[in-house]
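[1] Requesting a structural model of the entry that follows:
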Amino acid sequence: MTNPMQKNMPIKVAAVQMVSTPDVEENFAAARRLVAEAAGQGAQLVLLPEYWPVMGMQDTDKLGLAEALDGGPIQRFMSDLAREHKLWLIGGTLPLVAPEAGKVMNATLVYGPDGAMVSRYDKIHLFSFTKGEESYDESQTIVHGKDVTVFCAPFGDIGLSVCYDLRFPELYRAMGPVSLIVVPAAFTYTTGRAHWEILLRARAIENQCYVLAAAQGGKHVNGRRTWGHSMLIDPWGEVKAVLPEGEGVVTGAFDAAELARVRENLPALRHRKL
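    Numbering: from 1, shown residues only. Sure, this is the predicted structure:
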């Protein structure tokens, strides 16, 4: 059988949309079902959303679930899932032990088809927002990361980012000419309705690459409402697939030949002066 990742042929990628709860096992069951659905549709790379293992009743709930790197049930779950379906799994985010007491790292871990962890990214930009009774401040429970992170897959270099990072284009420029940017997220309904799609499309257009975004999307047990609209965007900035709300899977083609055509027809990345 021809392996499209070795023949520069289009491959299928998928974003999983969830409405995570405070119950980790319940979220495991949802992720297992949705990743299996994506694999059944032929996806060779699957992205989970931010906070997929838990959306607690309080922001501090994630502190009790923080895992040391290379150990813990959430990491074992993701490794087993990648190995079972023989795909690249980008694990949204999970809480990892931080160097500061009372806080965690909001980390993205990447697993290869053999179940081995191949990359880690700690969310750099921490969200805060206040409007009326709606208020968030991630810095109260999270230590920000410092390192821009890109990993190499058989079909191209992939840049890792998380949610609020989307508002900082300098992060994506620092990645270099990646083929795919991933954005696991839990955008609020308020900010998502205003800015989510336009920011994602801007990142695709200015970096001339595919953008795959996996979101939380719905009304959560803790009362929070997230925007959803997980989507795949091509290097021309066109939305190829989108899921507005609720659990589900967004799939589409990552086409290296199309990416090359866009960059050749409009060589903006080569025209940069600053």
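[2] Got the phi and psi for Asp59?
    phi -60, psi -30 (degrees, to the nearest 10).
[3] Run through who's touching the host helix or strand of Ser79.
    In this assignment (DSSP states H and E), Ser79 forms part of helix 73-85. Helix 73-85 is contacted from outside by 24, 28, 31-32, 35-36, 39, 46, 48, 53, 65, 67, 69, 88-89, 91, 94, 109, 111-117, using CB atoms under 8 Å, 6 or more residues apart in numbering. C-beta: built from backbone N, CA, C; applies to glycine.
[4] May I have it as CSV, with CA atoms only?
    Extracted as CSV, the C-alpha positions of helix 73-85 are listed here (Å, rounded to 0.1, in the frame of the first residue of the first chain):
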residue,chain,number,x,y,z
PRO,A,73,-2.6,8.4,33.4
ILE,A,74,-3.3,11.2,30.9
GLN,A,75,0.1,10.7,29.2
ARG,A,76,-0.3,7.0,29.1
PHE,A,77,-3.8,7.4,27.6
MET,A,78,-2.5,9.6,24.8
SER,A,79,0.5,7.4,24.1
ASP,A,80,-1.8,4.3,23.9
LEU,A,81,-4.3,6.1,21.7
ALA,A,82,-1.6,7.1,19.2
ARG,A,83,-0.1,3.6,19.1
GLU,A,84,-3.5,1.9,18.8
HIS,A,85,-4.5,4.0,15.8
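[5] re earlier: taking the contacts of helix 73-85 one by one, which sit in strands?
    46, 88-89, 94, 109, 111, 117 (DSSP state E).
[6] What is the nearest of the residues you listed to Gly176?
    Nearest to Gly176 among these is Trp88, at 19.6 Å by CB to CB.
[7] which residue packs closest to Val148, ignoring adjacent ones?
    Ala174 (4.6 Å; CB to CB, 6 or more residues apart in numbering).
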